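Student: Quick one, fold the following:
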Amino acid sequence: MKILLLGKGGQVGWELQRSLSVLGQVTALDFDSKDHCGDFSNPQGVAETVRALRPDVIVNAAAHTAVDKAESEPELARLLNATTPGLVAEEAAKLGAWMIHYSTDYVFDGSGEQAWSEADATGPLSVYGSTKLEGEALIRASGAKHLILRTSWVYAARGGNFAKTMLRLAQERDRLTVINDQFGAPTGADLLADVTAHAIRHLQHKPEDAGLYHCVAGGTTTWCEYAKFVISEAQKIKPELQIKATEVAPVPTSAFPTPAQRPHNSRLDTSRLQSTFGLTLPHWEHGVQRMLTEIL
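Tutor: Next up is the predicted model:
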């Protein structure tokens, strides 16, 4: 199997290099790759790459994920999140190749308290959310065999993440204030990558299971409870860690105004993914504990 991985340098892309390696020959590209164009700001260049490499599977982990920045550069966000993925999917359709793509809980309006299912009505609140939703639509319209995984609150040991930020601040400040009215499940890039590899293998034998699925770790938390967990676990793993913060105080989203509006409810119902692909998605705490052990 020939696999083209786009966006290899991101958190999910880095883990995909590992998980996809057992499936076949992987060509992994990023925006600055030299041999072939992987730059999503150059859609025709990326399309030419697909035509030249003729992969059996295209896994797209490239995206404009700077949520607040997208508000001030909507054209670039649309190019990276919608136009180019749509064009890549068109090329995949011509080849009869699979298109694997990642989307987000930001396609929903964040209302209510129920976990969103794949069938629920969308209503993005931000440029990021609307461009990711458009990307989904263009991939479906391309006619390509596809798998779209919507996820949320992605982290990895590699690069910056919320846990690292909280640990740094907890060593600098006596008191932290963290948002406590947004609900979701921290989801490891490694989990996403492993689910992807499993799903690709499954789809080779059961192509009728193609389509849209939600993929997040089990359980639900808030950013504030997430921060408390990170600090507590970090102290267990590394007792000599000098934590100054004696309080992690809950505050509403309104305490931290941002250019892009965040959804309050980022819960995603993963029952369809788990039943279709025969998977069990572990509780979010397990992945975070593992990540903390790795970075500490």
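Student: Surely R150 is within a strand?
Tutor: Yes: per DSSP: H, G, I helix; E, B strand; the rest coil, R150 lies within a strand segment.
Student: from memory it sits against L192, does it?
Tutor: No: R150 sits out of contact with L192 when judged by CB atoms under 8 Å, with a separation of 10.7 Å. To be clear about C-beta, it is placed using only N, CA and C from the backbone, and glycine gets the same treatment.
Student: Overlap of the contact sets of those two?
Tutor: Counting by CB atoms under 8 Å, 6 or more residues apart in numbering, the contacts common to R150 and L192 are 102, 215.
Student: which residues are contacting the helix or strand harbouring L169?
Tutor: Per DSSP states H and E: L169 is located in helix 162-172. Outside helix 162-172, the residues within contact range by CB under 8 Å, 6+ apart are 153, 155, 176, 178, 186, 223, 226-227, 230-231, 234, 241-245, 248, 288, 291-292, 295.
Student: Now go through the residues you listed and say which are in strands.
Tutor: The strands, defined by DSSP state E, take in 155, 176, 178, 248 from these.
Student: closest to S111 among the residues you listed?
Tutor: Within these, the smallest distance to S111 is 22.0 Å, found for V178 (CB to CB).
Student: Which strand residues bridge that closest one?
Tutor: Here V178 sits in beta bridges with P250, going by DSSP bridges.
Student: For it, which residues are in contact?
Tutor: 166, 223-224, 226-227, 248-251.
Student: for H264, same thing?
Tutor: Here H264 is in contact with 110-111, 181-183, 253 (CB under 8 Å, 6+ apart).
Student: Repeat the analysis, applying 6 Å as the threshold.
Tutor: Residues near H264 by CB atoms under 6 Å, 6 or more residues apart in numbering: 110, 181-182.
Student: Same check on W223?
Tutor: Per CB under 6 Å, 6+ apart, neighbours of W223: 178-179, 182.
Student: Show the average pLDDT along the helix or strand hosting Q44.
Tutor: Here Q44, judged by DSSP H and E, is contained in helix 43-53. Helix 43-53 carries an average pLDDT of 97.
Student: That helix - contacts with which helices or strands?
Tutor: helix 84-95 (3 or more CB pairs under 6 Å, 6 or more residues apart in numbering; DSSP states H and E).
Student: immediately after the helix it packs on, which helix or strand?
Tutor: Using DSSP H and E, the helix or strand that follows helix 84-95 towards the C-terminus is strand 98-104.
Student: Just the residues contacting that following strand, thanks.
Tutor: 57-60, 85, 89, 92, 132, 136, 139, 144-150.
Student: which outside residues touch the helix or strand that it is followed by?
Tutor: Following strand 98-104 in sequence order, the next helix or strand is helix 127-142 (DSSP H and E). Residues from elsewhere that reach helix 127-142, judged by CB under 6 Å, 6+ apart: 67, 70-71, 74, 77-78, 81-82, 85-86, 89-90, 93, 99, 101, 103-104, 106-107, 122, 124, 146, 148.
Student: buried stuff in the helix holding Q44?
Tutor: Under the neighbour-count criterion of 16 or more other CB atoms under 10 Å, helix 43-53 has 43, 46-47, 49-50, 53 buried.
Student: Kindly reformat those as a markdown table containing distance to L23.
Tutor: Output for the buried residues of helix 43-53, formatted as a markdown table (distance: CB to CB, whole Å):
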| residue | distance to L23 |
| --- | --- |
| P43 | 26 |
| V46 | 22 |
| A47 | 23 |
| T49 | 19 |
| V50 | 18 |
| L53 | 16 |
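Student: Pull the distance from stretch 184-191 to the chain's centre.
Tutor: With CA atoms, centre = their mean, to the nearest Å as the basis, stretch 184-191 stands 8 Å off its chain's centre.
Student: Quick one: end-to-end distance for that stretch.
Tutor: The straight-line separation of the ends of stretch 184-191 (CA to CA, to the nearest Å) is 16 Å.
Student: Just the mean pLDDT for it, thanks.
Tutor: 98.
Student: residues making contact with stretch 25-42?
Tutor: Contacting residues not belonging to stretch 25-42 are listed as 2-6, 8-9, 17, 20, 45-46, 49, 53, 62, 80, 84 [CB under 6 Å, 6+ apart].
Student: Swap in 7 Å and give it another go.
Tutor: 2-9, 17, 20, 45-46, 48-49, 52-53, 62, 79-80, 84 (CB atoms under 7 Å, 6 or more residues apart in numbering).
Student: which among these end up buried?
Tutor: 3-9, 20, 46, 49, 53, 62, 79-80, 84.
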